[in-house]
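Visitor: Provided below for reference: sequence and predicted model.
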Amino acid sequence: MDANEKTDVAPLIDVHGRRIEYLRISVTDRCDLRCRYCMSEKMTFLPRNQILTLEEIAIIADRFIARGVRKIRLSGGEPLVRRDFGDLARRIGRHLDRGLDELTLTTNGTHLAEHADMLVDAGIRRINVSLDTLDPETFAFITRGGDIAKVMAGLDAARSSGLSIKINMVALKGLNDHAFVDMLRWCDAQGHDLTLIETMPLGEVDEDRTDRFVPLSHALQAIRQEYDVSPLSDRTGGPARYFAVDGMQSRLGLITPLSENFCAGCNRMRLTCQGRIYMCLGHEDHVDLKAAFRSGGVAALDSLLDSALASKPLAHDFRIGADASAATVRHMSVTGG
Ligand code: SAM
Ligand code: SF4
């Protein structure tokens, strides 16, 4: 059976009645940076034979689209370090306007300059670029050696290619928590939106995240001292809440998994680079689509997806604090942020 064949178009509805229309795919766990909150310095990556092939990812994506997924975000690890990324993006992009409404990407931006035109060619119109600071030294510290100039060149190229850009900034105490207003002004001047993110306890890293955790109420307070900020009703299918900032074109987004749980409206599933479906970023429950697909083909995918839907938890149970260990052993780079 062709994965696109809609022989059974049962939509993906979980046990809590939430309709799954959004799939995030981590196309690789590898990365050229080592952000302190995301990975340990000596990160061990998965052996290549455990990673889904391009063909497997494309077939699984086909099946998700056939069952009602309307938006796909490609992430990682760093998606642009995967050699066949362009082919994959183009292959999934063929579904745009034929079932799929939007294909997006989350990237650290270091390889954007080479790839911006290819992204547009594949049908991608909006990207998220992670940038936690505008200061080159702080950037090198947070990413353990990254060169901010490459990200800036990537952002310029992406803008010239016509991509619309949202900057993701993880709030980190003592590193960037004095710079929320500066980042917002810079984003507005560049024509980018800004989303602030609370650090989440995913995978062991070398640091204690408690030391770096900043509730985003602090960021909002700092911004409100200088600007009127009003909530917007916009949702993009992701977990962010959005705000308009008086006098600015840029939209401000807040992702607050710790201080304000966002799970009730969760419409997402996550496919990892090794072919597992995790029902929630904060739980270990998963099903192994790679094993099912390799032994039973497309038909086996469907029955496994149905059992995954029966186990999607209502909410994550992240905690951060002295007695709290990582909620999951796997890193965000495996699941796809
Ligand atoms: N490498 C790409 C990037 O950095 O944009 C894509 C993958 S990265 C895992 C996706 C997003 O997750 C990034 O915005 C990153 O800042 C965020 N992230 C990673 N680990 C996190 C954590 N422990 N808590 C909160 N956000 C995290
Ligand atoms: Fe790499 Fe993105 Fe994780 Fe940073 S946040 S280490 S860029 S995967």
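Guide: Everything's here; your move. Quantities reported herein were computed from a predicted structural model and do not represent experimental measurements. Ligands and ions are numbered 1, 2, ... in the order given.
Visitor: Break down the stretch 101-250 of the chain into its helices, ranges please.
Guide: Secondary structure of the stretch 101-250 of the chain (DSSP state H, counting those that start in this stretch): helices at 112-122, 136-142, 148-160, 180-190, 216-224.
Visitor: wait, which of those helices is closest to ligand 2?
Guide: helix 136-142 (8.3 Å; C-beta to the nearest ligand atom). Bear in mind the C-beta positions are built from the backbone N, C-alpha and C, glycine included.
Visitor: list the helices and strands the closest one packs on?
Guide: Counting contacts by 3 or more C-beta pairs under 8 Å, 6 or more residues apart in numbering; DSSP states H and E, helix 136-142 is packed against helix 148-160.
Visitor: coming back round to it: now mean pLDDT and distance to ligand 2 too, for the helices of the stretch 101-250 of the chain, in CSV please.
Guide: Conversion of the helices of the stretch 101-250 of the chain to CSV gives the following (pLDDT from 0 to 100; distance: least, C-beta to the nearest ligand atom, whole Å):
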stretch, mean pLDDT, distance to ligand 2
helix 112-122, 98, 12
helix 136-142, 98, 8
helix 148-160, 98, 10
helix 180-190, 98, 17
helix 216-224, 96, 18
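Visitor: Could you export those helices as TSV, including mean neighbour count?
Guide: Formatted as TSV, those follow (neighbours: other C-beta atoms under 10 Å):
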stretch	mean neighbour count
helix 112-122	19
helix 136-142	16
helix 148-160	18
helix 180-190	18
helix 216-224	16
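Visitor: remind me which residues of the stretch 151-300 of the chain are low pLDDT?
Guide: For the stretch 151-300 of the chain, residues meeting the criterion pLDDT under 70 lie at 202-203, 208-209, 235-238, 258-266, 281-282.
Visitor: Can you pull the residues of the stretch 1-150 of the chain lying near ligand 1?
Guide: Applying C-beta under 6 Å from any ligand atom, one finds that the stretch 1-150 of the chain approaches ligand 1 through 31, 37-38, 75-76, 78, 106-108, 130.
Visitor: Swap in 5 Å and give it another go.
Guide: With C-beta under 5 Å from any ligand atom as the criterion, the stretch 1-150 of the chain meets ligand 1 at residues 37-38, 75-76, 78, 106, 108, 130.
Visitor: Which ones among those residues lie within strands?
Guide: In this view, these that belong to strands under DSSP state E are 75, 106, 130.
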